[in-house]
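Undergrad: Prediction below, plus the sequence it came from.
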Amino acid sequence: MASKIDSSEYADLNRVIGWFIVLRWVAWAGVAVTLSAVRLRMLFELPFPVLYALTGLLCLLNLSFTLYFRTLKKGNLSRRETAAFFHAQIVADYTLLFFLVYFTGFLDNPFSYFFVFHVMLTAFIFSSDVVFVYVGALVAVFVGVFLAEYGGLIPHYSLGAGVSAGNLRQSLPRLLSLVSTLALSAYLITSIKRRIAEKGERVEVELDRYKNLDKIKSNFILQVTHELRGPLAAMSGYHEMILRGIGGAPSPKTLEIIQKADHRTDNLLTIIDEMIDYAYMKSGEELRQAKSELALRELIDENLELLEPHAARKQIALVSNCPRELSVRATRDLLKIILGNLVNNAIKYSPARTTVTVNAQREGGEIHLLVRDEGFGIEPEELDKIFEEFYRTRRARELERDGTGLGLPIVKRAVESLTGRLTVYSELDKGTTFHIFLPATEATDEQDPDHR
Amino acid sequence: MSKILIIDDDLDIQETMGSLLEAEGFQISAAETVEKGLELIESESPALVLLDVMFPEKKTRGFEAAAEIKAKYPKLPLFVLTAINREYAFDFSKEDVKADEFLNKPVKIERLVKLIRNYL
């Protein structure tokens, strides 16, 4: 029987027990007050000594329940104890209520309907088979006592004049009404409970489905990146082999052709990164990646090193300036996205023999990251559009055929994900500067000086 | 002449990276599977290992292999290379990878050679 408790939230059951005890005190007070009132006003002739004894018993019982639950078990029962305790309470409550009703007119007493509450609470706690046993037993007792009274085997304590056990035409409908009400209450509560449980199961199934989709999505990103970037890595290698004359010295025309092919291959790699980053950002996934303390200088150097060959081709100097101890709390991917996109743009949209600068420094509570070029600049009227998805400036389109128009929107998203801000200044034919402000971690201040 | 072992299931990557490094004066041996690679480390004792991450049998086989290699040959320089250039695609962060360098393919040959020389 112990396992028949029907509640997924086991911890809640201890609260329910407390609630039952409180309810029982209220019931006890109600019984005591009603009995006293009836007696004082001499409304009915009732076996008061017996009734007072029952009321006293109810008080004692609840007192022992309280002592057991609150004092002995500190309001916390194990699963087994909980089930046993509920059974004890139900048997006690049913019995006491039954005798109270029996001695106060039995079916004549409208309070006999208080059994509905008991049945509902039973159905609330236990699974339907246990409820069936309790309600079945209750109905059997009611019918048995009704028959016994009717047959004169036990006395009938009449509530008012004119109603007696012998009056079958009045008592039988009362019995049937009470019994069917009890059965219906039990049925309704157990079915409502079943429906709630089914809904809960459906939610679980849905949740599993979403978890699964989520996994597929992550796997998809991994697979797509690998499938698209893998072949390009090989292509890029073969271009390099030709350029280096492995397998024969290339003619100047071949060199030119291969350089063009390699340039478009590099563009394609950037486009793939942007599309995948865009999909990733749109999925809101970036918020789930754990941030860590990252050495900013190392990240900047790594990023510039990757782009160095592109810069070298145009004889663009890459200059960086970042204190060695500067660190930022972020995810490596997001910083890679920010720096990669901005520096790549700076190189792409600058004339040969210019300088691209990356600076980082701490300014108050913020880390100020700056990417400056001496490039072609952005038209003032286009400046507020560059962060729109898929927008490319007229000049950008002229200078470089390939491009998604997603680079800067992705940068903006990345900065926002790191709760930073982003501003841009540009002057035509003079250059463009992006300023990024990221919150500096307080941990840097609190760290002991030796640690730096 | 230093020998470099390339462990990558992509034969084109073996060929391109291999020939480019050979042209730079390195001796190359290559393996298509981690198991074969482990055998070659034992039999040929290369000076440095270039290891791929995604293998047909498992997407993160390279990360496991890196840990195995580093556990067995702690002094052997190991570069892990992958075409996947975002950590979010893996449930892995750079710090978790047991390697001396963690690089993204395609890696420019100048950069690769420079890094290799740092370890030889």
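TA: Noted; the coordinates are in hand. Numbers count the residues shown, from 1 in each chain, chains lettered A, B, ... in the order given.
Undergrad: where exactly do the helices run in chain A?
TA: Secondary structure of chain A (DSSP state H): helices located at A:10-40, A:48-66, A:79-102, A:115-125, A:128-150, A:168-243, A:252-282, A:296-313, A:332-348, A:380-383, A:394-399, A:407-417, A:443-446.
Undergrad: nearest to chain B, of these?
TA: For these, distance to chain B was read as CB to the nearest CB. The smallest value, 2.6 Å, belongs to helix A:168-243. (Glycine included, C-beta is placed from N, CA and C.)
Undergrad: as a whole number, average confidence for that closest one?
TA: Averaged across helix A:168-243, pLDDT comes to 88.
Undergrad: Who are the contact partners of A:Arg329?
TA: Taking CB atoms under 8 Å, 6 or more residues apart in numbering or on different chains as the contact definition, A:Arg329 lies against A:Lys291, A:Ser292, A:Glu293, A:Leu294, A:Pro439, A:Thr441, A:Ala443.
Undergrad: The second one bridge partners, please.
TA: By that I understand A:Ser292. As for beta bridges, A:Ser292 partners with A:Ala330 under DSSP bridges.
Undergrad: Pull up the residues of the stretch 301-450 of chain A that are close to chain B.
TA: Within the stretch 301-450 of chain A, the positions lying close to chain B (CB under 8 Å from any CB of the partner chain) are A:Glu305, A:Leu306, A:Glu308, A:Pro309, A:Thr331, A:Arg332, A:Asp333, A:Lys336.
Undergrad: which residues sit in contact with residue 43?
TA: Here I'm looking at chain A. For A:Leu43, the contacting residues are A:Ala37, by CB under 8 Å, 6+ apart.
Undergrad: sorry, should have said chain B
TA: Under the contact definition (CB under 8 Å, 6+ apart), no residues are listed for B:Ser43.
Undergrad: Next up, identify which helix or strand it is on.
TA: Taking DSSP states H and E as the definition, B:Ser43 sits inside helix B:34-44.
Undergrad: For that helix, buried residues please.
TA: Burial within helix B:34-44, assessed by neighbour count using 16 or more other CB atoms under 10 Å in any protein chain shown, is assigned to B:Val34, B:Gly37, B:Leu38, B:Leu40, B:Ile41.
Undergrad: so A:His239 sits right up against A:Lys260, yeah?
TA: No - here A:His239 does not reach A:Lys260: they are 9.9 Å apart, not a contact under CB atoms under 8 Å.
Undergrad: Neighbour count for these two, which is higher?
TA: When neighbours are counted by other CB atoms under 10 Å in any protein chain shown, A:His239 and A:Lys260 differ, and A:His239 comes out ahead with 21 against 11.
Undergrad: Distance-wise, check the closest residue in space to the more buried one that isn't next to it in sequence relative to B:Lys108.
TA: Beyond its immediate neighbours in the sequence, the residue positioned closest to A:His239 (CB to CB, 6 or more residues apart in numbering or on different chains) is A:Asp262, lying 4.2 Å away. The spacing between A:Asp262 and B:Lys108, counted by CB to CB, to the nearest Å, is 11 Å.
Undergrad: Then B:Lys59?
TA: For B:Lys59, the distance to B:Lys108 equals 25 Å [CB to CB].
Undergrad: try A:Leu369
TA: Separation of A:Leu369 from B:Lys108 (CB to CB) stands at 25 Å.
Undergrad: Compare neighbour counts for these two and give me the winner.
TA: Regarding A:Leu369 and B:Lys108, a neighbour count based on other CB under 10 Å identifies A:Leu369 as having more, with 26 against 18.
Undergrad: Run a quick check on that one versus A:His435, I expect a contact.
TA: Yes - under the criterion of CB under 8 Å, A:Leu369 is in contact with A:His435, at a separation of 7.4 Å.
Undergrad: Count the neighbours of A:Phe98 for me.
TA: 19.
Undergrad: ok, now which ones touch residue 50?
TA: Just so you know, I chose chain A. The neighbourhood of A:Val50, defined by CB under 8 Å, 6+ apart, consists of A:Phe99, A:Phe103.
Undergrad: Hmm, no, I was thinking of chain B.
TA: Neighbouring residues of B:Leu50 by CB under 8 Å, 6+ apart: B:Ile4, B:Leu5, B:Ile6, B:Ile7, B:Asp8, B:Met17, B:Phe79, B:Leu81.
Undergrad: And A:Ile154, by the same measure?
TA: Under the criterion of CB under 8 Å, 6+ apart, the neighbours of A:Ile154 are A:Val145, A:Ala148.
Undergrad: Phi and psi next, for it.
TA: For A:Ile154, the backbone dihedrals (degrees, to the nearest 10) come out as phi -130, psi 150.
Undergrad: just the helices in chain B please.
TA: Chain-ordered helices for chain B, with DSSP H as the definition, fall at B:11-23, B:34-44, B:61-72, B:109-119.
Undergrad: Could you provide the ones you listed in JSON lines, with additional columns for mean pLDDT?
TA: Putting the helices of chain B into JSON lines (pLDDT from 0 to 100) gives the following:
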{"stretch": "helix B:11-23", "mean pLDDT": "96"}
{"stretch": "helix B:34-44", "mean pLDDT": "96"}
{"stretch": "helix B:61-72", "mean pLDDT": "93"}
{"stretch": "helix B:109-119", "mean pLDDT": "93"}
